[in-house]
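Engineer: This is the structure alone, sequence omitted:
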DNA sequence: TCCTTATATGAATAATTGCTCATATATTAA
DNA sequence: TTAATATATGAGCAATTATTCATATAAGGA
């Protein structure tokens, strides 16, 4: 028995596939990226920002959420480099950082609509 | 004060954006889709299956995980229609359901590698 | 200065979730 | 039939997480 899985049929194949796997930390980062998109509130924020640059209170209004909840989520989105912020007076305007965010959203949307 | 957010500057904009938002249930489904990709173990499974059709034990070996953990995650992936299963004898072979899964994975990977 | 508005944030809570462990089912071999 | 192998699954647990609440900070207006 060659591999730890105990599956005799595919042991050679399994070793080959294992050797071709991306590094764990890369796969972890990819999962972390998707995790950001995997929350209703954050997806709503992303979609709203796809339509327009918006301030925190407007985002709260648009998403039927509270200012606090949105602010917490915006911090997460900012840390993930998905949105950027611009402060004018006491108002902070948020917008999507780049088109990659929109691209990812659209592919996800397509996938859902095809099911 | 027109909108519940109390933000006078953007109240008209906010109402306009809100009217253009996708339905909550659509956005929820999109988030749910991304959520599936947002776990290290599942991403490892998806990447491994991108390389080859594999049985449960091989997947456990390749991902350094247990048979039980992988089986649980495969059930989630199957329910989400991301993988399909084919039983031959006592071995169950899993593979990706379609190229959309690969496409989503690749866009996520690109995004991570650009950061 | 005092008040209001806009945003941020720490703590607490409730809900979700991924894993482990034990066990069940199914198939094949002896 | 009995044993071994491959997979599935329910219960319990630990960790994560999204929200709420209270409060802090910051800016503008009276």
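Structural biologist: Received, thanks. Just so it is clear, the model here is predicted, and its values are computed rather than measured. Residues are numbered from 1 along each chain as shown, chains lettered A, B, ... in the order given.
Engineer: The closest residue to residue A:53 other than its chain neighbours: how many residues sit nearby?
Structural biologist: Among residues not flanking residue A:53 along the chain, residue A:95 sits closest, at 4.1 Å (C-beta to C-beta, 6 or more residues apart in numbering or on different chains). For the C-beta atoms, the positions are set from N, CA and C on the backbone; glycine is no exception. Applying other C-beta atoms under 10 Å in any protein chain shown, we find 13 residues neighbouring residue A:95.
Engineer: Against residue A:78, how distant is residue A:95?
Structural biologist: Residue A:95 sits 11 Å away from residue A:78, going by C-beta to C-beta, to the nearest Å.
Engineer: just residue A:55 next, same as before
Structural biologist: 14 Å.
Engineer: likewise residue A:92?
Structural biologist: 10 Å.
Engineer: Overlap of the contact sets of those two?
Structural biologist: Common neighbours of residue A:92 and residue A:78, using C-beta atoms under 8 Å, 6 or more residues apart in numbering or on different chains, are residue A:85.
Engineer: list the contacts for residue A:74?
Structural biologist: With contact set as C-beta under 8 Å, 6+ apart, residue A:74 has these partners: A:45, A:56, A:59, A:83, A:85, A:94.
Engineer: Helix or strand: which one has it?
Structural biologist: In the assignment (DSSP states H and E), residue A:74 maps to helix A:67-79.
Engineer: Which positions in that helix come out as buried?
Structural biologist: Counting neighbours by 16 or more other C-beta atoms under 10 Å in any protein chain shown, one finds that the buried residues in helix A:67-79 are A:70, A:73, A:74, A:76, A:77.
Engineer: Between those residues, which sits nearest DNA strand C?
Structural biologist: Of all those, residue A:74 has the smallest distance to DNA strand C: 5.2 Å, by C-beta to the nearest atom of the strand.
Engineer: Look at residue A:6 and report its pLDDT.
Structural biologist: At residue A:6, the model reports a pLDDT of 45.
Engineer: Excluding chain neighbours, what is closest to residue A:86?
Structural biologist: Nearest to residue A:86 is residue A:93, by C-beta to C-beta, 6+ apart, at 4.8 Å.
Engineer: So that neighbour versus residue A:106, what's the distance?
Structural biologist: According to C-beta to C-beta, residue A:93 and residue A:106 sit 23 Å apart.
Engineer: Have a look at the two and say which one is more surrounded.
Structural biologist: residue A:93 (18 against 14).
Engineer: Briefly note if the helix or strand encompassing that one comes near DNA strand D.
Structural biologist: In the assignment (DSSP H and E), residue A:93 maps to strand A:91-96. No - shown here: strand A:91-96 not in contact with DNA strand D (C-beta under 7 Å from any atom of the strand), separated by at least 8.6 Å.
Engineer: Thank you, goodbye.
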